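Colleague: the following block contains a protein sequence and its predicted model.
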Amino acid sequence: MKTYDAIIVGGGHNGLVAAGYLARAGLKVLVCEKRYVLGGCSATEEIYPGFKFSVCSYVVSLLRPEIIRDLELPRHGLEILPLPSTFCPQPDGKRSILRTDDSMESYRNVAQFSRRDAEVLPRFARQMTRICRFVKPILSMVPPDMDSWNPNELLKLLELGRGFRTMDPELRYDVIKLFTMSAVDYLEDWFESPELIASMSVSGIIGTFLGVRSPGTAYVLLHHYMGEIDGVFRAWGLPVGGTGGISLSIARAAQAFGAEIRTEAGVKQLLLKGDQVRGVVLENGEEIGARAVLSSADPFVTFKKLVPEGQLDPRLLDSLKHYKFRGSSGKVNMAVDRLPEFTCLPGMGKHLKGDISIAPSVDYLERAYDDAKYGNFSRRPFINVVVPTVSDPSMAPPGKHVISCFVQYAPYQLKDKSWDDERESFGDAVVDTLAEYIPGLKKSILFRQVLTPLDMEREFGITEGNIFHGELSLEQMFFLRPIAAWARYRTPLQGLYQCGSGVHPGGGIMGAPGQIGAREVLKDLKQKRPAHR
Ligand SMILES: Cc1cc2nc3c(=O)[nH]c(=O)nc-3n(C[C@H](O)[C@H](O)[C@H](O)COP(=O)(O)OP(=O)(O)OC[C@H]3O[C@@H](n4cnc5c(N)ncnc54)[C@H](O)[C@@H]3O)c2cc1C
């Protein structure tokens, strides 16, 4: 049997990051990816001849700068173009909220809705940056063990508490608000324009089964502010070559450090001896040995599918039942023969290079959520659109474009209906809604791909189609992700580790779970002699 120091289940970006760090430390590493292509939810695929799509994730911000540095990702092809604008067209066909990288331009635009809000915006941005500075170090740490009396664990808790206490009171209260309020309530503390509040609140519902008025969504909003591009905090960017470009650069870095990567190599189960992991069995029956196995698959797949039945404490497995996946998002990818033309802002402009939201009012967004609460997809959904070909023409033939639409809500469980019957009606609802703002859209469509949460579960292995391997709600974050007893990358099985978005600090193209997971493996393996070198 061939053996490695470490096998990583899953070649999504987190699995690849883990491989990069382990190989860089001199370990003999193998990545086993089930699909034909690397990247998982961050993959680029040519699903229509000549057109390349970021099939699932489409923009990046959270990718940790130290990972980019440590793995030298730019040398391996990583290139990210900053998104210069956030555009929210209004249903009157005349106005739009357009915030851009030019502060005067943003001021002028927002002032059309509220002069006061235009003045408050820069202060809000500064406050978010200050809060993110406090929260960010938490992204790189192993959550403390709340049940331990180990002095190191107590010290970690003490440091967190001290950091919080030394913040100035205004900031401290704001952190508490962000951790407890709804996105809309929080934003209403700052702004008065309903249009601006609606356009900003949508960052609070991405990947959740909650509405913009539901408590807990202010934290999701903060999560989406925590990134940076080229040192610019809160900035989002478009990876050249799609989000698969990110995964491929990480894969190349890992390979340059000596990692082996196999695609179409699905892991069927773990090989165990007692409660010690000895390797994996692939779907084709091949057995491969390892001292450590890191799973970047989600917690349900890891603990319910990969671990043979009867190996885990049933009470803990029961707690996993209460971990919320309940996917709420869909994706519609289109190939079009021309640039989309918005009624309210015709022609080419900065608004097409950035992030576009169909979110005309808070009530509109809440109604979209109401549909989902009762088991239907939103008839008039929130849509987040990007047209990557405006900045990266390599994604389509000359003059043609791809349009990526991230959509909410698309509940995993439909009432009395099946997604296999409803898929195209959902796609129609998305196109019909967009066509109200882009009248020429329907005629321009050459091809469309509709991904429901069920499709995402089937194709990408994400349980119930949850885009973050489990909701980013507070009760399943930090030392509770995925559940209290298994929140620190290790598991009850010796040699089995978690390194995907289902562990702290959660989902998004961040790489942190992979990086921290690898660090914990290295700590453990260092204490034992490498067996396979
Ligand atoms: C529709 C959608 C849109 C999104 N948009 C964004 C966005 O714009 N920006 C952003 O930052 N985040 C976005 N996200 C979230 C982000 O993409 C994910 O949180 C992140 O990519 C997850 O990375 P991962 O490596 O943890 O897991 P995954 O990407 O899920 O990778 C896990 C890998 O494991 C493989 N696997 C599973 N089981 C096995 C097995 N038994 N054997 C071998 N391999 C296996 C899977 O095939 C997969 O490749 C989006 C996600 C989705 C689904």
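Modeller: Perfect, I can see it now. Numbering: from 1, shown residues only.

Colleague: how about the strands of the stretch 401-533 of the chain, start to end?
Modeller: Ranges of strands in the stretch 401-533 of the chain, per DSSP state E, counting those that start in this stretch, are 401-408, 445-451, 496-498.

Colleague: most tightly packed of those?
Modeller: strand 496-498 (a mean of 27; mean count of other Cβ atoms under 10 Å). C-beta here means a position set from N, CA and C on the backbone, and glycine is covered the same way.

Colleague: do it and the ligand come into contact?
Modeller: No - applying Cβ under 6 Å from any ligand atom, one finds strand 496-498 out of contact with the ligand, separated by at least 9.7 Å.

Colleague: what comes into contact with that strand?
Modeller: Residues outside strand 496-498 that contact it (Cβ atoms under 8 Å, 6 or more residues apart in numbering) are 270, 277, 292-296, 299, 302, 307, 482, 486, 489-491, 513, 517, 520-521.

Colleague: how many other residues sit next to Asp524?
Modeller: A total of 15 residues lie near Asp524 under the criterion other Cβ atoms under 10 Å.

Colleague: surely it meets Leu294?
Modeller: No - with contacts counted by Cβ atoms under 8 Å, Asp524 stays clear of Leu294, the gap being 11.3 Å.

Colleague: any idea how far Arg262 is from Gly244?
Modeller: Applying Cβ to Cβ, to the nearest Å, the value for Arg262 to Gly244 is 17 Å.

Colleague: also Gln112?
Modeller: Taking Cβ to Cβ, one finds Gln112 at 39 Å from Gly244.

Colleague: tell me which of those two has more neighbours.
Modeller: Just comparing Gln112 and Gly244: by other Cβ under 10 Å the higher neighbour count belongs to Gly244, 25 against 14.

Colleague: would you say the more buried one is within a strand?
Modeller: No - counting by DSSP: H, G, I helix; E, B strand; the rest coil, one finds Gly244 to be helix, located in no strand.

Colleague: so it is in contact with Cys56, correct?
Modeller: No - in this structure, Gly244 is not within contact of Cys56 by Cβ under 8 Å, at 9.9 Å.

Colleague: any residues in contact with both of those two?
Modeller: Common neighbours of Gly244 and Cys56 (criterion: Cβ under 8 Å, 6+ apart): Ser42, Ala43.

Colleague: how about the host helix or strand of Asn384 and the ligand, touching?
Modeller: According to DSSP states H and E, Asn384 maps onto strand 382-386. No - using Cβ under 6 Å from any ligand atom, strand 382-386 never reaches the ligand; the gap is at least 8.1 Å.

Colleague: return the list of strands paired to that strand, each annotated with direction.
Modeller: With DSSP bridges as the test, strand 382-386 is paired with strand 355-358 (antiparallel), strand 401-408 (antiparallel).

Colleague: that one - what's its average pLDDT?
Modeller: Averaging pLDDT along strand 382-386 yields 98.

Colleague: for stretch 80-88, same thing?
Modeller: Average pLDDT, stretch 80-88: 96.

Colleague: can you show me the strands along the stretch 151-300 of the chain?
Modeller: In the stretch 151-300 of the chain, strands defined by DSSP E, counting those that start in this stretch lie at 228-229, 232-233, 237-239, 260-262, 267-273, 276-282, 287-295, listed in chain order.

Colleague: quick check: domain ranges of the protein?
Modeller: Following automatic domain parsing, one finds the domains of the chain at 2-42+62-77+240-324+471-526, 125-220, 329-409+411-451.

Colleague: lowest average pLDDT across those?
Modeller: Among the domains of the chain, domain 125-220 scores lowest, with a mean of 90.

Colleague: that one near the ligand anywhere?
Modeller: No - applying Cβ under 6 Å from any ligand atom, one finds domain 125-220 out of contact with the ligand, separated by at least 6.9 Å.

Colleague: residues of the stretch 251-400 of the chain that sit close to the ligand?
Modeller: Along the stretch 251-400 of the chain, the residues adjacent to the ligand under the rule Cβ under 6 Å from any ligand atom are Gly266, Val267, Ser296, Ala297, Val301, Ser329, Lys331.

Colleague: could you look up the SS state of the residue nearest to Ala290 when sequence neighbours are not counted?
Modeller: In space, and not counting its chain neighbours, Ala290 is closest to Ile7: 4.2 Å by Cβ to Cβ, 6 or more residues apart in numbering. Of the three states, Ile7 takes strand under three-state DSSP.

Colleague: who touches Ile7 in this structure?
Modeller: Val29, Leu30, Val31, Cys32, Val267, Gly279, Val280, Ile288, Ala290, Ala292, Val293, Leu294.

Colleague: tell me the bridge partners for it.
Modeller: Beta-bridge partners for Ile7, by DSSP bridges, are Leu30, Val293.

Colleague: quickly note the distance from it to Gly26.
Modeller: 16 Å.

Colleague: then Tyr412?
Modeller: Plainly put, Tyr412 is 42 Å away from Gly26 if you go by Cβ to Cβ.

Colleague: then Ser182?
Modeller: From Ser182 across to Gly26, the span is 48 Å (Cβ to Cβ).

Colleague: ok, those two, which is more surrounded?
Modeller: Ser182 (22 against 13).

Colleague: can you list the residues of the stretch 401-533 of the chain near the ligand?
Modeller: With the criterion set to Cβ under 6 Å from any ligand atom, the stretch 401-533 of the chain comes near the ligand through 406, 456, 460-462, 467-469, 500-501, 507-509.

Colleague: would you mind writing the PyMOL command to select the buried ones in those?
Modeller: To isolate the buried subset of those in PyMOL, counting by 16 or more other Cβ atoms under 10 Å, use the following:
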select buried, resi 406+456+460+461+462+467+468+469+500+501+507+508+509
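
Colleague: show me which pair in the residues of the stretch 401-533 of the chain next to the ligand is furthest apart.
Modeller: Pairwise distances across these (Cβ to Cβ) peak at 20.3 Å, for the pair Phe406 and Gly500.

Colleague: if Glu45 is in a bridge, with which residues?
Modeller: Taking DSSP bridges as the rule, Glu45 bridges to Phe53.

Colleague: was I right about it contacting Cys56?
Modeller: No - applying Cβ under 8 Å as the test, Glu45 and Cys56 come out as separate, 9.8 Å apart.

Colleague: the two: which is more packed in?
Modeller: Cys56 (25 against 19).

Colleague: show the backbone phi and psi for Val503.
Modeller: Torsion angles at Val503 (phi, psi; degrees, to the nearest 10) stand at phi -120, psi 170.

Colleague: state the number of residues packed around the spatially closest residue to it that is not a sequence neighbour.
Modeller: Nearest-residue entry for Val503: Pro513, 5.0 Å, with adjacent residues in sequence omitted and distances by Cβ to Cβ, 6+ apart. The number of residues packed near Pro513 is 29, by other Cβ under 10 Å.
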